[in-house]
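Provided below are the primary sequence and the corresponding predicted coordinates.
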Amino acid sequence: MSSATRYASVMLIDDNELDNFINKKLLENEQFAGNVYVHQSAQAALEDLRKLATSPDKLPEVIFLDIMMPGMDGFAFLEEFDKLQNEVKGKSKIIMLSTSESFKDLNRANQSRYVYKFLNKPLNKPVLDAINI
């Protein structure tokens, strides 16, 4: 990890492969994170978080979570995230991403104690600059 990055590691959870590719490049280019874990399903991300819990220094500090995904959506992920080890829940802050401007989604996201922010896609430099966890 480069000491010039804002966070040691972050995780992207989005079923859209292109969004993940673009967001990963943005995070690296803006020196937002030294390590970027990328998952195309919430289930795979949860499995990874369970494994990483044995090495808390490797846990992502920020998780960018898409709301709309097949199988397990972002809200179902939050329910399962609540069952993870306290090390995970204490270190990883979740930022929900959506193309939806639904107040229902925003209100639901804000009800979760794990959601730090609710942002509209796509990620960009000004949005990253405004994140301060």
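The structure has been received and is ready for your questions.

Packing partners of the least confident helix or strand in the chain by mean pLDDT?
Least confident helix or strand, the chain: helix 103-110 with a mean of 82, by mean pLDDT, DSSP states H and E. Identification of packing neighbours for helix 103-110 by 3 or more C-beta pairs under 8 Å, 6 or more residues apart in numbering; DSSP states H and E yields helix 74-81, strand 93-98, strand 115-120. For glycine as for every other residue, the C-beta is placed from the backbone atoms N, C-alpha and C.

again, only this time at 6 Å
strand 115-120 (3 or more C-beta pairs under 6 Å, 6 or more residues apart in numbering; DSSP states H and E).

and the residue lying closest to D66 once chain neighbours are set aside, how many neighbours?
Distances taken as C-beta to C-beta, 6 or more residues apart in numbering put D14 closest to D66, at 4.0 Å, once the chain neighbours are dropped. If you count neighbours by other C-beta atoms under 10 Å, D14 ends up with 25.

Distance of D14 relative to V115?
Separation of D14 from V115 (C-beta to C-beta, to the nearest Å) stands at 16 Å.
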